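Visitor: got a predicted structure plus its sequence, pasted below:
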Amino acid sequence: MRIRTASLAVVAAAALAAAAFWLLTAPQPLDAAVLPDKPGDAAKGERLFWAGGCASCHAAPGASGDDLLKLSGGVAIASPFGTFHAPNISPDKTHGIGDWSALDFVNAMKRGMAPDGSHLYPAFPYTSYQRMTVPDLLDLKAYLDTLPSETTANQPHELPFPFSIRRAIGLWKLLYLDGKTFTPDPAKSAAVNHGAYLVEGAGHCNECHTPRTALGGLEMDRALGGAPNPSGKGSVPDITSGPGGLADWSAEDIANALDTGFTPDFDSLGGTMAEVVRNMAKLTAEDRQAIGEYLKQVPPVAAPDAPKP
């Protein structure tokens, strides 16, 4: 009798744990009420497309020129948790996002949710994209809808157990996804706030330049202070205003580097930053200057293993 009672207790505890897991990991979608009445503006969305570096991951590997606008996916993103494959985000209705509604797109960008309600892995940087405003996201979606439709099928991610349990991302989101849209700091200038929005939101600079916890979440108390390269090869530099970062650079130096790829010492930005420059060069001079002004007032932080830019 005691054995049977103990077995029932174990079963009941397991059932309660399973129920708690299911409730805690449930997706938290936004309601359609968040959508404005007016449709997105594709012309404005093009600027956000380049600010977000969408082509760097979602165009075919090695793409250049007009092929950067063919978002068939396929770039492999190595990580300590496995290899992720960037999906097709072209307007194709079968393999891309052509069947996604405006709300589907907003929920993907701000809640890390697929239209079927499943969690998206945070290799897609929605922890940064959540800072973007809904109207800006609709502008971006409007621009994506104008691009060529690509029929390339998505490749499955290569993830070992337990990272292959997608539902568990719901627990990760409890720790690292706060759902907050960027709020301008009234004590800062319009340019600094604009730069902050681009850096923290669409530009998702924290995703590489901020160190991560063992669970892959961003350590925001060391934001932009440099970090190990997510791919495992080398390090990503400190881009705060500290002596280990951009202390010797002016805002104009930063803006120029984002436009030309050259540092104040006439060295060139290489690696993945070469792609960032390709994207940032398509923004306005005011955008790049605002990014420079914002980075110049980001407080220095202590971040080990961060090379000087």
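Guide: That came through, no problem. Numbering: from 1, shown residues only.

Visitor: isn't residue 134 right next to residue 33, touching?
Guide: No: counting by C-beta atoms under 8 Å, residue 134 sits too far from residue 33 to count as a contact (10.5 Å). Bear in mind the C-beta positions are built from the backbone N, C-alpha and C, glycine included.

Visitor: tell me which of those two has more neighbours.
Guide: Neighbours were counted for residue 134 and for residue 33 using other C-beta atoms under 10 Å; residue 134 has more, 19 against 6.

Visitor: who's in contact with the more buried one?
Guide: Contacts for residue 134 were tallied using C-beta atoms under 8 Å, 6 or more residues apart in numbering; they are 34, 35, 36, 106, 110, 181.

Visitor: need these in a markdown table with neighbour count, can you?
Guide: Shown next, in a markdown table, are the contacts of residue 134 (neighbours: other C-beta atoms under 10 Å):
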| residue | neighbour count |
| --- | --- |
| 34 | 14 |
| 35 | 17 |
| 36 | 11 |
| 106 | 24 |
| 110 | 23 |
| 181 | 14 |
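
Visitor: from these, which is closest to residue 164?
Guide: Residue 164 lies nearest to residue 110 out of these, by C-beta to C-beta, at 24.7 Å.

Visitor: the helix or strand harbouring that closest one packs against which elements?
Guide: Element membership for residue 110 (DSSP states H and E) is helix 102-111. Secondary-structure packing of helix 102-111 (3 or more C-beta pairs under 8 Å, 6 or more residues apart in numbering; DSSP states H and E): helix 126-129, helix 134-144.

Visitor: pLDDT wise, what is the residue nearest to residue 285 when sequence neighbours are not counted at?
Guide: Nearest residue to residue 285, sequence neighbours excluded (C-beta to C-beta, 6 or more residues apart in numbering): residue 255, at 7.0 Å. Looking at residue 255, its pLDDT is 97.

Visitor: one more: residue 118?
Guide: So, for residue 118, pLDDT stands at 95.

Visitor: do the same with residue 22
Guide: Residue 22 is assigned a predicted lDDT (pLDDT) of 53.

Visitor: burial count for residue 254?
Guide: Per other C-beta under 10 Å, the neighbour tally for residue 254 reads 24.

Visitor: what does the domain assignment say about this structure?
Guide: As given by automatic domain parsing, the domain ranges for the chain are 32-176, 190-295.

Visitor: kindly reformat those domains as JSON lines containing distance to residue 301.
Guide: As requested, the domains of the chain are exported to JSON lines (distance: least, C-beta to C-beta, whole Å):
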{"stretch": "domain 32-176", "distance to residue 301": "18"}
{"stretch": "domain 190-295", "distance to residue 301": "4"}
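
Visitor: residue 286: how many residues sit nearby?
Guide: Residue 286, neighbours per other C-beta under 10 Å, totals 12.

Visitor: for it, identify the helix or strand it belongs to.
Guide: Using DSSP H and E, residue 286 falls in helix 285-295.
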